[in-house]
Structures are given as C-alpha cells and as structure tokens.
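Colleague: below is the structure, and that's it, no one-letter string:
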C-alpha cells in the first residue's frame, strides 16, 4: 500500500489481523495491538494489506438501512450515500453518492470517502 492512500483511523490487515492505523511515517504505519495500549508498534507499508469490501464487511458497518435493488444488496450509510453490490459476482465495489458512482474496492477507500463527505468517521465494528 502507499502512504498517500491511508489516513489515521483506517482499518487494514497485517499478517491476517485487522489493525487501526494510528500513525503514518514515510515507510511505516504505527498501531496498537490492544486498545489503550501505551506501546506503539510499527509495520512497513509493504506488509500492510487493504480489507476488501464484501457483504460480511458491510454487515459490520453501521448502516441506516439495507435493502435489495433487483438482485443486488444496497447499504444506505446515510441519505444520499449508498453502497451497492454488483449482481454479477457479489463484490461490493460501487458507491453511489447522490447521482455519482465511484469505484471503491477496499474498506479504507470507503472510510476516506465517507470522512471527506460526512466530516465524521464511518462506524465499523470489526
């Protein structure tokens, strides 16, 4: 991953475990292994992987509503901000904001987009 893709608060994977980005340096990210831990741990950016948006991941995000649009599930994160599954393969990679569609494949991309548009963090319980 590239450091310009990330911001503090993003959720990513490190060695198969989900971590929250707490610090970003030139070549590493900082994170805590346990909540309220005083020790900052570091991982190289090349070791960090994005979390692919799936229905399971979307079910862990606080949504106002979940409905079906034909064959595809649609998640309403707030009025005018929807995540829609592609009916073809079930992947979640289209986000509709009002009448604009964005290609978003990873959780950190969705978190960043939501933060820019809503001025608050996307609530995720992973």
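Modeller: Received it, and whenever you're ready, just let me know what you need. What you are looking at is a predicted structure, and each value in this text was computed from that prediction instead of being measured. Numbering: from 1, shown residues only.

Colleague: and the residue nearest the centre of the chain, what does it touch?
Modeller: For the chain, the residue nearest the mean C-alpha position is residue 107 (2.0 Å; Cα atoms, centre = their mean). Contacts for residue 107 (Cβ atoms under 8 Å, 6 or more residues apart in numbering) come out as 10-11, 50-53, 57, 124. For every residue, glycine as well, the C-beta is placed using N, CA and C.

Colleague: for residue 68, give me its contacts.
Modeller: Counted by Cβ under 8 Å, 6+ apart, residue 68 has contacts residue 74.

Colleague: hey, what's it bridged with?
Modeller: residue 73 (DSSP bridges).

Colleague: change the start of the numbering to 333 and stick with it
Modeller: Okay, using 333 as the starting number, the last item reads as residue 400.

Colleague: now it: how far from residue 412?
Modeller: 19 Å (Cβ to Cβ, to the nearest Å).

Colleague: could you tell me whether residue 449 really is in a strand?
Modeller: No - applying DSSP: H, G, I helix; E, B strand; the rest coil, one finds residue 449 to be helix, outside a strand.

Colleague: would you map the strands across this protein?
Modeller: Per DSSP state E, the chain carries strands over the ranges 343-346, 349-352, 355-356, 360-363, 373-376, 380-381, 397-401, 404-410, 413-417, 424-429, 432-435.

Colleague: using JSON lines, lay out the ones you listed together with distance to residue 450.
Modeller: Output for the strands of the chain, formatted as JSON lines (distance: least, Cβ to Cβ, whole Å):
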{"stretch": "strand 343-346", "distance to residue 450": "17"}
{"stretch": "strand 349-352", "distance to residue 450": "19"}
{"stretch": "strand 355-356", "distance to residue 450": "22"}
{"stretch": "strand 360-363", "distance to residue 450": "24"}
{"stretch": "strand 373-376", "distance to residue 450": "28"}
{"stretch": "strand 380-381", "distance to residue 450": "25"}
{"stretch": "strand 397-401", "distance to residue 450": "16"}
{"stretch": "strand 404-410", "distance to residue 450": "6"}
{"stretch": "strand 413-417", "distance to residue 450": "7"}
{"stretch": "strand 424-429", "distance to residue 450": "10"}
{"stretch": "strand 432-435", "distance to residue 450": "14"}
